[in-house]
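[1] Sequence below, structure please.
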Amino acid sequence: MKSILLIDDDELVLKTLERTLEKAGYEVHAFQDPREAVRQAAVEEFDLVITDIRMPHIDGFQALRYVREIRKNKNQPEVPEIVITGYAEESLKATDQMHTPTVIFKPFDLNEFLSLVREAV
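    Have a look, this model is predicted:
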């Protein structure tokens, strides 16, 4: 079973995506606080990371950087990443600075979202 690290500070979005992914057969580790998600990434491997960008404490870009660094230090391969955002400028930043090719804009269709997840893993 593929394991997904899901990060979004919006509880409704987080729970909706978590249920959708679980129904599709994925093991989901969902976190509202990106700091907790990073701590979990230090002790567990994931096949995909999905994160919102605008969040308190640390943003999605920082969370991705931390997860990448953890994986690198443990000699684990890179994993696909999906960035969720409602802002076009963040999409450009994601693809340019973070080299994250998969960006989905809020609001989005859950079937489109699942299709992106399937392609990523």
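[2] Just to check, residue 5 is in contact with residue 48?
    Yes - using CB atoms under 8 Å as the test, residue 5 is close enough to residue 48 to be in contact (7.2 Å). Yep, even glycine has a C-beta here, placed from its N, CA and C like the rest.
[3] neighbour-wise, which of the two wins?
    residue 5 (24 against 21; other CB atoms under 10 Å).
[4] Bridged to that one, which residues?
    Beta-bridge pairing of residue 5 under DSSP bridges involves residue 29, residue 49.
[5] Please report how far it lies from residue 109.
    Using CB to CB, to the nearest Å, residue 5 is found at 22 Å from residue 109.
[6] any idea how far residue 75 is from the residue most central in space within the chain?
    With distances taken as CA atoms, centre = their mean, residue 50 lies nearest the centre of the chain, 1.3 Å away. In this view, residue 50 and residue 75 are 23 Å apart by CB to CB.
[7] Could you give the secondary structure assignment for residue 119?
    Here residue 119 is recorded as helix under DSSP: H, G, I helix; E, B strand; the rest coil.
[8] residues touching it, list them.
    residue 102 (CB atoms under 8 Å, 6 or more residues apart in numbering).
[9] Before we move on, what's the pLDDT of it?
    Note on residue 119: pLDDT of 94.
[10] got it, and residue 13?
    Looking at residue 13, the pLDDT reads 94.
[11] Same question for the one 5 residues further on.
    Note for residue 18: predicted pLDDT of 98.
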